[in-house]
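In: sharing a model that was predicted from the sequence below.
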There are 2 protein chains.
Amino acid sequence: MATGRTHRPATRSRGIPEATVARLPLYLRALTALSERSVPTVSSEELAAAAGVNSAKLRKDFSYLGSYGTRGVGYDVEYLVYQISRELGLTQDWPVVIVGIGNLGAALANYGGFASRGFRVAALIDADPTMAGKPVAGIPVQHTDELESIIEDNGVSIGVIATPAGAAQQVCDRLVAAGITSILNFAPTVLSVPDGVDVRKVDLSIELQILAFHEQRKAGEEAAAEGAVPAAAASRKQSSHEGPDGDVPAVMPA
Amino acid sequence: MATGRTHRPATRSRGIPEATVARLPLYLRALTALSERSVPTVSSEELAAAAGVNSAKLRKDFSYLGSYGTRGVGYDVEYLVYQISRELGLTQDWPVVIVGIGNLGAALANYGGFASRGFRVAALIDADPTMAGKPVAGIPVQHTDELESIIEDNGVSIGVIATPAGAAQQVCDRLVAAGITSILNFAPTVLSVPDGVDVRKVDLSIELQILAFHEQRKAGEEAAAEGAVPAAAASRKQSSHEGPDGDVPAVMPA
DNA sequence: CCATCTTTGTGCACGCGTTCACAAAGACAT
DNA sequence: ATGTCTTTGTGAACGCGTGCACAAAGATGG
């Protein structure tokens, strides 16, 4: 609905909260699974369970997109898949370049989750001249020298940085200069980019460190309440097959 | 003190907000870099810039840990490195198992960022019998059958799932049953776990989809304000960007 | 057409996180 | 000591995100 103020929140994109945008892919994945099983409609409750969120949150999220549900029935799966795909921009082809073809870069190149969602690996780029021409995931690696021309020729606007930390900013600068406006950064560095360029970062070791924090805390509490709650973990064992759907067929192409 | 209440917010761990915990690794990384350059002290302003955050936020974050700064001077780098490391639990050794040694699993096994922060890859586990014994990153892969004994013998409490989506829940269940209480999940699935088990997920394709959303939006705005166009991006740019609520193929259910 | 039942869409309240802005605290010079 | 200057630590305000709870909307059956 109308966000009362014409205040231009800047963090929101066309009225869709950032937190909602981050969940749309989650919904899409769950819906795709339902679609493959030819499920025609789904209620907010069911879909929320499949996506691992609260049903009220899901409904509110969808309300930002529009009124796509039918009261008393639920949401039409196919229709919703289309709407979310369109909203996320997945109905178009997104060529992507991956820079830095080490272990991680190679893994990304082979990752099936990209191609299945409209992302096409347009090129693999590495600074090592001995890698040039070597095929990874069926795509020949090209040298960094070609970076600008590759991006220009293919109209690439999304770049993935999987280089060592030391090279990341330099690569980033070249990507931006060449016209890239969205970057997914796997290098453990803070990238500085001009306004108008989006950066999302994935840091594997940060995630582990956060887990370690909680793990340490759990160990501490356990020690503090020694013997008080012995097998607490065993009590609420997982009972769910997440609703009435049993195991879901692998959504992801291997 | 701020939260004087013994209220037990449950979302907060010992009074440290989750958002702060998530930033501590970021600060730690920046501090480590300073430490390596033998910088003795750093101001909140400088450190914040290095970590890519607001300085007020950084000071507030640190205030949750205690008063470790000196007014008029800044923070002692070494001391802060130690305090944050201790807070995150990185002063102890965390054995980790990685399950699913495909491209991604192998990349993780080779990832240097783990070992340098107190995380030790205790074992690599894969369901494929032909992989058994094959060394990856210098560590022989072991078969899934050994999963329980490996975890028990090594006192592992953190597990990394890098299997295909279809196997993830099954693996997760076994990990939890074997005593794992923290899971880092790379498989594109919602894992259900009992209370007391932490799960963090990293989904590569979700990150790209979020980027695509913003990219599409930028393209749309750009088209709306036609005139100034980043040179390279405009060349073979995708053309299909109808208005926000463009035409819809009206996929009505039968 | 009316009653009932299901499920959506959302107003509202609450809590977390962020940011501002400033007093307090210490360093440093005189 | 005293004053000035720098930088921290935090009170307070604000905005975003979440979840409750319910009215509205439509399906379904008599």
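Out: Structure's in. What do you need?

In: hey, where'd the helices end up in chain A?
Out: Taking DSSP state H as the criterion, chain A contains helices spanning A:18-36, A:44-51, A:55-65, A:77-88, A:103-110, A:112-115, A:147-154, A:165-177, A:204-224, A:232-235.

In: between the second one and helix A:77-88, how many degrees?
Out: Angle of helix A:44-51 versus helix A:77-88, following axes from the mean of the first three to the mean of the last three Cα atoms, to 10 degrees, is 60 degrees.

In: chain center to helix A:44-51, what's the gap?
Out: 19 Å (Cα atoms, centre = their mean, to the nearest Å).

In: that helix near chain B anywhere?
Out: Yes: counting by Cβ under 8 Å from any Cβ of the partner chain, contacts between helix A:44-51 and chain B involve A:50-51. (Each C-beta comes from the backbone N, C-alpha and C, glycine too.)

In: what's that helix in contact with?
Out: A:23, A:26-27, A:29-31, A:33-34, A:42, A:54-55, A:57-59, A:62, A:69, A:74-75, A:240, A:242-243, A:245, B:190 (Cβ atoms under 8 Å, 6 or more residues apart in numbering or on different chains).

In: buried stuff in that helix?
Out: Within helix A:44-51, the residues that qualify as buried are A:44, A:46-51, counting by 16 or more other Cβ atoms under 10 Å in any protein chain shown.

In: can you pull the contacts of A:Gly118?
Out: A:Gly118 makes contact with A:85, A:89-94, B:212 under the criterion Cβ under 8 Å, 6+ apart.

In: which of the residues you listed are buried?
Out: Buried among these (16+ other Cβ under 10 Å): A:85, A:89-90, A:92, A:94, B:212.

In: ok so, going back, ok, which of the contacts of helix A:44-51 also contact DNA strand C?
Out: A:55, A:59, A:62, A:69, A:74-75 (Cβ under 7 Å from any atom of the strand).

In: can you narrow these to ones near DNA strand D?
Out: A:Arg59.

In: buried ones among the ones next to DNA strand C among the contacts of helix A:44-51?
Out: A:59, A:62, A:69, A:74-75.

In: longest strand anywhere in chain A?
Out: strand A:119-126 (DSSP state E).

In: that one: which residues count as buried?
Out: Buried-residue list, strand A:119-126, by 16+ other Cβ under 10 Å: A:119, A:121-126.

In: low-confidence ranges in chain A?
Out: Scanning chain A for pLDDT under 70 picks out A:1-14, A:222, A:224-254.

In: would you turn the buried ones among the ones next to DNA strand C among the contacts of helix A:44-51 into JSON lines with distance to B:Gly138?
Out: Shown next, in JSON lines, are those (distance: Cβ to Cβ, whole Å):
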{"residue": "A:Arg59", "distance to B:Gly138": "50"}
{"residue": "A:Phe62", "distance to B:Gly138": "49"}
{"residue": "A:Gly69", "distance to B:Gly138": "53"}
{"residue": "A:Gly74", "distance to B:Gly138": "52"}
{"residue": "A:Tyr75", "distance to B:Gly138": "50"}
